[in-house]
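Undergrad: Fold the following.
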Amino acid sequence: MKFDPQNPFPLLPLTDYAYHEAQAHAALVDDWLGFQCLEVETQIRALPKNAGEHQNWEHLSLQAFQTPYCEIHNILDLLSLQPGQHIVDLGCAYARMAFVLQRHYPDCSFTGFELEALRVQEAQRVFFHHTGKNLSAQAQDLSAAEFSPPLADIYFIFDFGNQRAVEKTLNDLKDLARRQPITVVARGKLSRFCIHKDHPWLTSIEEPQHFSHFSIYRS
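TA: I've put the predicted structure just below:
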């Protein structure tokens, strides 16, 4: 997969690229955008840790805990986004989704939540450099009892933590779905396992769409 600075987030059929190709392409896009993720991750690993601290995936490579840009574009295309829709990314890391939205779906809004404040700060720096706009993202422990996601149309959830944390977030979304229909994009094995095990409100009303790395559910 070649990197084209004129089209950094290409929309390609999911069957047209292997996952390792998408990851390699994403690394090139990160460099082109000017991310300094390796330096940030080094700082995160140097921070003091508390026993039982939440999972932040610092032990993985950058491409292992982030969704490739081309896959993000695939997901957004499958959602058939409408102007004015609000997308919330729960566990957004360096907020890659915000960059794809800004370029291809500028009439939609984005809000991101990420456990590590240094990742949020870096995403905000790069986003402002490229767009001249502030990125709506903040450092947040999603498992905190006092936190609940804002009401939105679409929620993107990666396997951001342990099963208890993911279940807490899914229950938060269940409460929000009582107020309006929502779409949940779950990426990773744990999130999808939890949904099919304990959340029929996402699996029984409308047939989910399943793909290799993610599934789309509608309440």
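
Undergrad: quick one: pLDDT of the residue nearest to Ser136 when sequence neighbours are not counted?
TA: Counting by C-beta to C-beta, 6 or more residues apart in numbering, Ser136 lies nearest to Thr111, which is 4.8 Å off, once chain neighbours are set aside. All C-beta spots, glycine's among them, are computed from the backbone N, C-alpha and C. On pLDDT, Thr111 comes in at 98.

Undergrad: and whichever strand or helix holds Thr111, which residues are buried?
TA: Using DSSP states H and E, Thr111 falls within strand 109-114. Using 16 or more other C-beta atoms under 10 Å as the test for burial, strand 109-114 gives 109-114.

Undergrad: swap in stretch 174-188?
TA: In stretch 174-188, counting by 16+ other C-beta under 10 Å, buried: 174, 176-177, 182-188.

Undergrad: The least confident helix or strand in the chain by mean pLDDT - contacts with which helices or strands?
TA: When the helices and strands of the chain are scored by mean pLDDT, DSSP states H and E, helix 37-46 comes last with a mean of 92. The contact analysis (3 or more C-beta pairs under 8 Å, 6 or more residues apart in numbering; DSSP states H and E) places helix 37-46 against helix 117-131.

Undergrad: can you list the weak-confidence ranges in the protein?
TA: Along the chain, the model assigns pLDDT under 70 to residues 50-60.

Undergrad: please redo it, this time with the cut-off set to 80
TA: The chain contains residues with pLDDT under 80 at 49-63.

Undergrad: Could you pull out the strands in it for me?
TA: Ranges of strands within the chain are 86-90, 109-114, 137-139, 154-158, 183-187, 209-210, 214-218, based on DSSP state E.

Undergrad: Run me through the strand neighbours of the fourth one, direction for each.
TA: In this case it means strand 154-158. Note on strand 154-158: by DSSP bridges, its sheet partners are strand 86-90 (parallel), strand 183-187 (parallel).

Undergrad: Let me know the angle separating it from strand 109-114.
TA: Put simply, strand 154-158 runs at 30 degrees to strand 109-114, going by axes from the mean of the first three to the mean of the last three C-alpha atoms, to 10 degrees.

Undergrad: got the contact list for strand 154-158?
TA: Residues external to strand 154-158 that are found in contact with it (C-beta atoms under 8 Å, 6 or more residues apart in numbering): 65, 67, 75, 79, 81, 85-93, 97, 149, 166, 169-170, 173, 182-188, 191.

Undergrad: how about TSV for the strands paired with strand 154-158, with distance to Glu71 added?
TA: Formatted as TSV, the strands paired with strand 154-158 follow (distance: least, C-beta to C-beta, whole Å):
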stretch	distance to Glu71
strand 86-90	14
strand 183-187	9
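
Undergrad: Of all those, which one is nearest Phe211?
TA: Across the strands paired with strand 154-158, Phe211 has its closest neighbour in strand 183-187 (9.3 Å, C-beta to C-beta).

Undergrad: Just give me how far that closest one sits from the chain centre.
TA: From the chain centre to the centre of strand 183-187 is a distance of 9 Å (C-alpha atoms, centre = their mean, to the nearest Å).
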